[in-house]
Every structure is written in structure tokens, then in C-alpha cells.
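*Asks:* Provided below for reference: sequence and predicted model.
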Amino acid sequence: MAVILILILVSVLVAGGFLLAFLWSVKTGQMDDDYTPSVRILFEDSINIVKKEVVEILPTSK
Amino acid sequence: MSTACYHCGADCFDAIVVEDKHFCCEGCKMVFKLLNENGLCQYYDLSDMPGLTAKGHFVSEKYNYLDSAAITKQLIQFKLGEQAHVVFYLPQIHCVSCVWLLENLHKINPGIIQSQTHFEKKEIKIVFNPSLISLKQVVQLLAFVGYEPVIHLGGNDWLKKKKVNKKQLYKIGIAGFCFSNIMMLSFPEYLSNDVLELGSLRHFFVYINLLLSLPVLFYSASGFFMAAYTGLRQKWLNIDAPIALAILVTFSRSAYEILTESGAGYLDSMSGIVFFMLIGRWFQDKSYDSFAFDRDYNSFFPLGVTVLEEGKEVNKALPSLLKGEIVLLRTDEMIPADAVLQTDGALIDYSFVTGENAPIAVAIGQMVYAGGIQKGRSIHLEVLKPVGQSYITELWNSPVLKTEKNTEKSFVHPWSQYFTMALFAIALASGIYWSIYDSHKILPAVTAVLIIACPCSLLLTVSFTYGNILRWLGRGRLYCKNASVIEAMHKVDTIVFDKTGTLTNHDDMHLEYTGTALSIKEMVAVKSVTRESLHPLSKMITQFLLLQVSDLTQFQQIENFIGKGTKAYCDGLEIMIGSASFLKSYGIVIEEKVEGSMVYLAIDGAYKGVFKINHSYRKGIDTMILKLQSMGYELHLLSGDYPAEKKYLVQLLGNDIPMLFQQSPIDKLNYIETLQNKGHCVMMVGDGLNDAGALQKSNVGIAVTDQTHLFTPASDAILEGSQMYILNDLIDYAKKAKLIIVFIFILSIIYNIIGMYFATTASLSPMVAAILMPLSSISIVALSALLSFSFSTKLRAKN
């Protein structure tokens, strides 16, 4: 019965991992646009095959 | 008879064909060729006729002001080495093809590294290599394929966007995580009496619950505490105060019970209610990102103008325009400042500024005002006043427009005050009761009362109902700035309408010809002549005649007198077409003298007839007005136009409506103020700059537009012109909000009463609390959605 202790701790940790993933996705702006990705699915060829690295905009710039 | 353009769907009159595909103009054909050459024809596969009608609008010199480094610096968001980021607003984005094409721009020009669109905001973020392509070339490319970016003086602050939203999402995420885990870990507690034997594990569960509830209390619920504190400091009890109290009491009692091992606490209810309320707030904050509700005059003016310095064309940024400089204004460009006309050929369309229908011909030496659009060919203007001091901008600087709007608190707050008072009364009563009978039960009873009777249900009701109403109104194409607009609509008792563009449709004009019937030969001749003129009325006549004859002939001689008329020899006939005074100067007598947009025709010296151009009134306006009157609203009409159509208007709308014409923007503003001083709550429905003052002064300002992306003055709501005829239904629906809130709240009181029974008898177990709370929350949400949906039948039917 004490094994349930470990089970719960592990499951809370896993759930916590998902929470962190959610928080990270909000931070990197993935939740800013919730409509356009649904439109992009319809395209036949994948557009964002951009190999060049695009510089991330830092919040302090400008 | 006419085929649809393969690119944009407009009617094709001339035969422009490439590979069996018809195009309406050279512009559309060129875009097709560009896409074809670059292998981008999937554009046409994704949507039918997705293109935007070019109609020869692409003028490359228009963007010369982007050569200036100062201006480019303003627009480029970020620049590092071989990458520059820029964000543009492209109101033309309307379908899948748009997104596809805009994100494939790199295939047309390799200087563009990446482009990403945001469909709802109608924005594009372009990353380009400034050493391969200049900003001006980027803009030219966008304009060429039909997506001309809207670049304005004041509207380029992309920095102040949506950072707040992220915080809301963080709070919701954390609250949701903690709530669901606490709930799960509380199950053993609920079932422990009958089924499970916990023993020492019990401590484990409750302490984890306590730990999980901390982020909810200190982070997710922080908004409520701060709002309550702010309210209390101003000696005002808003709805957040009792909520903050309830959360605090619940946590305290639960913490006490857990730490003294006397119980399991109510942490699941607490985290659950915080979670639901945060979702409610997020739901209510639905905003329409692609609309701008707060435009000031800066948003209308272009960023740069062409100035003539010693005969050479130089591009200058608008704010640096000085008095005395000579501006070169091309067709369809907006006059940037009050100026004096230096050359011939001015045909100014002031419809947006004053509401007058027809363009005005202005002579050399006369003044032209900022905000007007030149419809003729290029002209030169000498600036008279700096941009900020022109007539139209002074209107914006009027102190009237600086005062804040709708600062009255929501009706929810007084209700919550009553609720709080009732709550304290019950808590006090039960406290007194138990002090007599069993003093051990005082604290449990009182705290239980404060826990269970959370005015959270009121907040939830309001948030979700307003959120639903906002969305349904949006479906009915009335886009409100925020929920307080819905509340303001409740108090409105008077509605003032503008005429041009509001009751009439700017784009929908119809032509009437009265006079001697024309022979085919005559019609062909007239059409060939009018085709040469840039005057919008001539274009209309051409279209009108095109429906009847499709041939063209050559004319032998043509003389164009801008603003007056045209005289030409065509096919052996002498055609004279123009204003009444023009024809009179050639000795042709015209009997009737009616005002309005008239174009008179004479052939071979004999008067033939007149083309009368009418803006058509939107369909269903008359029934809509009648319904509004039957709903009890007092209606008024204010127009900037001449009273030419007064008779028709009285016929259409009835005798009871006061109608005033030739109203300047200040006149309209004063009229609204007078009404308000008489105690009325006024709604203004208008479009255009000439209504800007009235829209701001009124209690609810609705800007009407047929092209939602273009110029809408500052308003509380934006209405699509095609939906004007159900304005009464939209207002009626908005008023249902209060009804729905009251109904649901009464229902939620039933839950509260049941909970009160348990609370006052000090028998509130965590399980009961944990059942009641989600039950009431979910039923509120469901009921709110259901009622909003069922009342929205009228909004859905016509769509």
C-alpha cells in the first residue's frame, strides 16, 4: 500500500512536466495565434523548411 | 455576358486572356504571370478567385518615401547583420490562399528569408535580408501581389501588443494543474470512511494538497487580491472583495485543519473556484485583434509625402512637412495638410471628411483640406498649415474628445455589495445561534458560510454571459470593443444616425437616366467618351452603358474640362457631357434644376437627358427604423450632405425623425451633447471622419463600415454595413445580457441555499463542498451558453 506514495509522487512529477511544457509554449508565443496553424495544415507542401537560422527577437531590443 | 476574372472574380469587360483564363485587368494578369512563373499556382487551387482586384492601382513611386533611412528605422522592428524583421498590417488577408501565398513569398524573391502570417490579426511578420532586398522592395512586392500594407503615421507600434495575455494563461495553467491534482488526491479522503483505510497515508495526501494549493493562492488568485485591495483603498467594495475574502477564509481554515490534523480542508473547492473564475475572465476578454477601436487622426494619414524641392521630387516624412512646401499629390492619395491648390485638375473627394457624396472641383488658388482624396490627376499643393493644425486634426484635439468614456462601474458591483451584506448577516446569525447552543460550532459554521456562499457564481455568470454575448454579436458582425459596451447599450434611449455611408452604401451606387432614349450608336459614342475621364461619375456611366452595349469607337477629338465636363467628336456626333453650367456655357438650355449628382448629356447641340447618380440606401433600413421606433427609441438623423434627398428620406423613414443636413463634425458633436444634457443616453451610428467627434461623445459609438479593415474612426463597436438592417435585433440581443445574468444568478442562489443549509448547521463536509462547487460552476457555464444561443436566433437566421 505504501507503493502508492511513490506512484503518486511520480505521476505528479510527470504532470508537472506537462505543466512546464505548457508554460514554456505560452512563453515562446505558441499560444498567440490559435487560428492560423489550423489553416496551414491545408497546405500540401511544408512551407517552413527554412534552413537559415532566424534570430529571435529579444524583449530588450529597441 | 461577362466572365469572371480568374484572379479576383471581378467582371471582365475587356478581352485579356492568357491560356484560356480571363482577367479583368492588366494588373490581375501580371500577378497571375508572376505566380505562374514562380510555380505558385497552388494559390488558385486553395480558394476560388482569391486575388484582390488590382484595377491598375499599383503605382511604384508611391513607396519612394521608404528610401528614407529615418522612416525605415521606424518600421523595422529588429535588425542584425543579414536579417531584418518587420511587421505589417495586411487587411486584405481573407482566406487560405492569402496565407499560403504570403508565406511563400521567399519563392518569388530570395531576399525574403521567412514570412509568417497571423490570420486573425491580419499581420505578416517578414524576415528579410536587407543587403539583398530593401524595405521598399518588400513593400512593393506585397503591393504587387495584391496585399498592400497599411503604413500609417501613428499605427506602427507593434511593441505594445498582447503581453498581458500570457500572464493570464500562466495563471490558468497553474490553477488548472493544481486543481486537478488536488481533486484527485482528495478522493481517498472522501471515500475513506466507507471504503479505504488510510492510516498514515492520509497525512501524505493532505500535505501534498496544501503544497499544491500554495501556487494557486499566491500566484493564480493574486489578481483578485490586488483588485480587492485597490477597491478598498478607494473605499469601494467591488466584486473582487468578497471573492478574495472567501478564498482567504477557505485557505486559512483548510490550513488550520491540516496542520492541526483535525480535518482535510476544502482546498479542492478553493483551487477549483479560482480556476473557473480565471477561465471566465479569459473568456470575457475576447477581443477582436484585427480591428482598431482607438484610431486617432494619425492612423489615417500616410507616413510620407512627395515634396517638390527645386523641381525635384523628394520624399518627406509627414510630421516634418512645413508651411510653404509644395506637395505633389497623385491620384487616390490623401491630402496631408490644409493647403492651397497650385495646379489645375483637382477633384477632391471629401466624402470621408464631410459626408458629401460627389467629388468637388477646386480651382487654382483655392484651399483644399486635409483628409480629402484627390480623384483627378496629379496636382501640386502649397502647404498652408502644419499637419497637426489642419481643420480635421483640430477636431481631434478638442478637449471633448479627451475625456474618458463609460467609466461608470458595472452594475455587477452594487449587486455584489448586497450579496456581501446578506452573507455577513447570515454568518453573523449562525455565529450567534451556535454561541447559544454549541460554542464549538461557531467557527466551523461561520467559516463554512463564507466558504460556500462565494459570490464567485455572480462573477462566473457575468464573465461567461458577456463572453457569449460578445461572440454572438461578433457572429452578427457587430464587433464590440469590450464587455462594458454591452452594459452601456442597456441604458441607451436615443439613437442618432449619420446618412452617407451609414444609411447609404458607399460602394453601391446606381444610375438613372431620364430623357430621350439613346440609339445604340449614340450610347457607344457616349461610352467611348466617358471612358476617358477619371471622374468617378464618368466611370459609373461607362459601367452603366457597358451593360447595354459592349462596343467602342474611336473619337476624333476630345476636350476635357476638369470638374465641368467633356466635349468630344465621336463617330460624327458631337457629344457634350457634364454639369449643367458646362452645357449652359455652350448655349444648351436645361429645364429642370435638381440638386445632387447629375451629369447632363447633349448630342449635336440638343439636350438629350440626364444621368442621376444615387447612393442606394441599404436594404431593409425602413423596417429596421420602424422596429427601433417600436422598441421605444427616439431617433435622429444628422448628415453632412446637402438636403437633396430629404423628401426621399421622409418617405423612407417617416415624419417623426428630426433630420438635419450640412452638419459639420462640430455640429454633430454639439447635437449629441445637447441631447445628453437633456438627460438622454445616446448611441451614435456613423462612419467617416466627420462622425468622429459624435462617436466619441456619445455613450455608445458604433462605426459602420463596408470594408472592416479600412478607416474606422474611434468607436466602441464596429458594425459591418451589410448588417445594418438587423441593428434592432443586435441591440435587442445585447440587452438580453442583463436578463440572462439575472436568471442564472437566481438559479445559482438555489445552490447557495442548499450549501447554506450544510454550512449553518456546521455539517459541511469537504465532499459536499467539492460537489456543490463544480456543479454550480458548470451549470452556470452551460446555462449561460444555452441561453445566449437560444436568444441568438435572429442573429443566425439572416446569416
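*Replies:* Sure thing, it's come through.
*Asks:* ok, which stretches of the stretch 451-600 of chain B are strands?
*Replies:* Assigned by DSSP state E, counting those that start in this stretch, the strands in the stretch 451-600 of chain B fall at B:478-480, B:494-498, B:504-515, B:555-561, B:565-570, B:573-578, B:597-603.
*Asks:* can you say which of these is nearest to chain A?
*Replies:* Among the strands of the stretch 451-600 of chain B, the nearest to chain A by C-beta to the nearest C-beta is strand B:478-480 (15.7 Å). For glycine as for every other residue, the C-beta is placed from the backbone atoms N, C-alpha and C.
*Asks:* what does the closest one rub up against?
*Replies:* Residues from elsewhere that reach strand B:478-480, judged by C-beta atoms under 8 Å, 6 or more residues apart in numbering or on different chains: B:288, B:291, B:470, B:473-474, B:486, B:702, B:708, B:716-720, B:723, B:730.
*Asks:* now residue 34: which helix or strand?
*Replies:* No chain specified, so I'll use chain A. Under DSSP states H and E, no helix or strand contains A:Asp34.
*Asks:* wrong one, chain B
*Replies:* Using DSSP H and E, B:Leu34 falls in helix B:26-37.
*Asks:* what packs against that helix?
*Replies:* With contacts taken as 3 or more C-beta pairs under 8 Å, 6 or more residues apart in numbering or on different chains; DSSP states H and E, helix B:26-37 sits against strand B:16-18, strand B:21-23, helix B:135-144.
*Asks:* of all those, which one is nearest B:Leu321?
*Replies:* B:Leu321 sits nearest to helix B:135-144 of all the helices and strands packed on helix B:26-37, at 20.1 Å, using C-beta to C-beta.
*Asks:* who touches the closest one?
*Replies:* B:30-31, B:34, B:58, B:60, B:62-64, B:66-67, B:72, B:75-76, B:84, B:86, B:88, B:90, B:105, B:108-109, B:111-112, B:124, B:126, B:128, B:148-149, B:151.
*Asks:* which bits of the stretch 201-350 of chain B sit near chain A?
*Replies:* Within the stretch 201-350 of chain B, the positions adjacent to chain A are B:201, B:204, B:208 by C-beta under 8 Å from any C-beta of the partner chain.
*Asks:* what helix or strand does the second one sit in?
*Replies:* Put plainly, it is B:Phe204. Going by DSSP H and E, B:Phe204 is part of helix B:201-215.
*Asks:* tell me who's in contact with residue 35.
*Replies:* In the absence of a named chain, chain A is used. Neighbouring residues of A:Tyr35 by C-beta under 8 Å, 6+ apart: B:119-120.
*Asks:* let me rephrase: I mean chain B.
*Replies:* Shown in contact with B:Leu35 (C-beta under 8 Å, 6+ apart): B:41, B:43-44, B:101, B:145.
*Asks:* if you rank the residues you listed by neighbours, which is first?
*Replies:* Top of those by neighbour number is B:Leu101, holding 27 neighbours under the definition other C-beta atoms under 10 Å in any protein chain shown.
*Asks:* next helix or strand past the helix or strand containing it?
*Replies:* B:Leu101 is part of helix B:96-103 when elements are defined by DSSP H and E. Scanning forward in sequence from helix B:96-103 by DSSP H and E, the next helix or strand is helix B:105-108.
*Asks:* please enumerate the helices of chain A.
*Replies:* For chain A, applying DSSP state H gives helices covering A:3-27, A:36-40.
*Asks:* I misspoke; the intended subject was the stretch 551-700 of chain B.
*Replies:* Remark: helices assigned in the stretch 551-700 of chain B by DSSP state H, counting those that start in this stretch are B:580-584, B:621-630, B:646-653, B:665-677, B:692-697.
*Asks:* and these as TSV, adding distance to B:Asp14 and mean neighbour count?
*Replies:* Converted to TSV, the helices of the stretch 551-700 of chain B look like this (distance: least, C-beta to C-beta, whole Å; neighbours: other C-beta atoms under 10 Å in any protein chain shown):
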stretch	distance to B:Asp14	mean neighbour count
helix B:580-584	29	17
helix B:621-630	36	16
helix B:646-653	36	14
helix B:665-677	41	19
helix B:692-697	40	27
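*Asks:* report the central residue of chain A.
*Replies:* Centroid-nearest residue in chain A: A:Ser25, 3.4 Å away (criterion: C-alpha atoms, centre = their mean).
*Asks:* neighbours around the closest residue to that residue other than its chain neighbours, how many?
*Replies:* Closest residue in space to A:Ser25, ignoring its immediate chain neighbours: A:Met31 at 6.3 Å, by C-beta to C-beta, 6 or more residues apart in numbering or on different chains. Neighbour count of A:Met31, defined by other C-beta under 10 Å: 14.
*Asks:* repeat that for B:Lys235.
*Replies:* The tally of other residues near B:Lys235 (other C-beta under 10 Å) stands at 6.
*Asks:* report the separation between B:Ala221 and B:Ala175.
*Replies:* B:Ala221 sits 8 Å away from B:Ala175, going by C-beta to C-beta, to the nearest Å.
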